[in-house]
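*Asks:* model this:
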Amino acid sequence: MKTIFIPVKIKTIISKSQLSDMSKRLPKNIAIAYSIQYIDMAKEIKSILTKKHNITKFIQVLGCSKPRFSKNTSAILLIGDGRFHAISLAYGTKLPVYIYRTKLERILPKDIDVLKRNQKAAYMRFLNANKVGVLISTKPGQENLKKAIGLKKKLKKNSYLFITNNIDTREFENFGLDSWVNTACPRLDMNDNSVVNMNKVQ
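*Replies:* Just a heads-up that it's a prediction; the model follows:
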């Protein structure tokens, strides 16, 4: 069956006063990232901020992407809804990250600390686990079946392969396993402290 992806765009009116305030709070060299729904808003904001800022990169972000930014990037401005991408960018790049939805917010160190604590708890849970599930996604860009099979052979635990298109962490409790090793989206560990990423256990 053929899959057709149709992006839905957010239509909002950007406040000039908010943009002026945003410009004052942002450093000179910034990268702009956006969720696909916000591409038109991101383009408009970029055209305005370009007058006073050096835009080092303009890029769409996905949940599983790990974009790289030039050394002269002082901060990242994310145009989008929700904090998932913003926290992921802050954690992965170690750069200050601002998110603009209806107002400008900055991702704080405590947001990153929560993620790190969850990751540590997930790793300790894995070390003490007897039964482990290995998560495999069939989605393009996330599918790592061969690596998952190889990992299963190396694990000195009772391990089981779980392959699916959409990974729903709410279903985990139905299988009675102690820990889950993720070979799909690397940011799946942000939502559940029973999930540890593959690269942490190899």
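
*Asks:* isn't Lys157 right up against Val134?
*Replies:* No. Here Lys157 lies out of contact with Val134, judged by CB atoms under 8 Å, at a distance of 10.1 Å. For the C-beta atoms, the positions are set from N, CA and C on the backbone; glycine is no exception.

*Asks:* more neighbours, those two?
*Replies:* Val134 (23 against 17; other CB atoms under 10 Å).

*Asks:* For Ala42, the count of nearby residues, please.
*Replies:* Neighbour tally, Ala42, other CB under 10 Å: 23.

*Asks:* residues in contact with it?
*Replies:* Ala42 makes contact with Ile32, Tyr34, Phe58, Ile79, according to CB atoms under 8 Å, 6 or more residues apart in numbering.

*Asks:* any idea which helix or strand carries it?
*Replies:* Element membership for Ala42 (DSSP states H and E) is helix 39-49.

*Asks:* Report the buried residues of that helix.
*Replies:* Residues of helix 39-49 classed as buried: Ile39, Met41, Ala42, Ile45, Lys46, Ile48, Leu49 (neighbour count, 16 or more other CB atoms under 10 Å).

*Asks:* next SSE after it?
*Replies:* strand 54-60.

*Asks:* so what secondary structure elements neighbour that following strand?
*Replies:* strand 29-34, helix 39-49 (3 or more CB pairs under 8 Å, 6 or more residues apart in numbering; DSSP states H and E).

*Asks:* let's see 10 Å
*Replies:* strand 29-34, helix 39-49, strand 75-79 (3 or more CB pairs under 10 Å, 6 or more residues apart in numbering; DSSP states H and E).

*Asks:* do you know which of those lies nearest Asn118?
*Replies:* Checking the helices and strands packed on strand 54-60 against Asn118 by CB to CB gives strand 75-79 as the closest, at 20.8 Å.

*Asks:* In its sheet, which strands sit next to the closest one, and in what direction?
*Replies:* Strand 75-79 has its sheet partners listed here by DSSP bridges as strand 29-34 (parallel), strand 97-100 (parallel).

*Asks:* could the ones you listed go into TSV alongside distance to Lys71 and mean pLDDT?
*Replies:* Shown next, in TSV, are those (distance: least, CB to CB, whole Å; pLDDT from 0 to 100):
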stretch	distance to Lys71	mean pLDDT
strand 29-34	10	96
strand 97-100	17	93
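
*Asks:* helix, strand or coil for Asp113?
*Replies:* Three-state call for Asp113 (DSSP: H, G, I helix; E, B strand; the rest coil): helix.

*Asks:* Distance check, it against Gln119.
*Replies:* Distance, Asp113 to Gln119, using CB to CB, to the nearest Å: 11 Å.

*Asks:* cool, Ile167 as well?
*Replies:* To Gln119, Ile167 is 17 Å away according to CB to CB.

*Asks:* Fine by me, we can end here.
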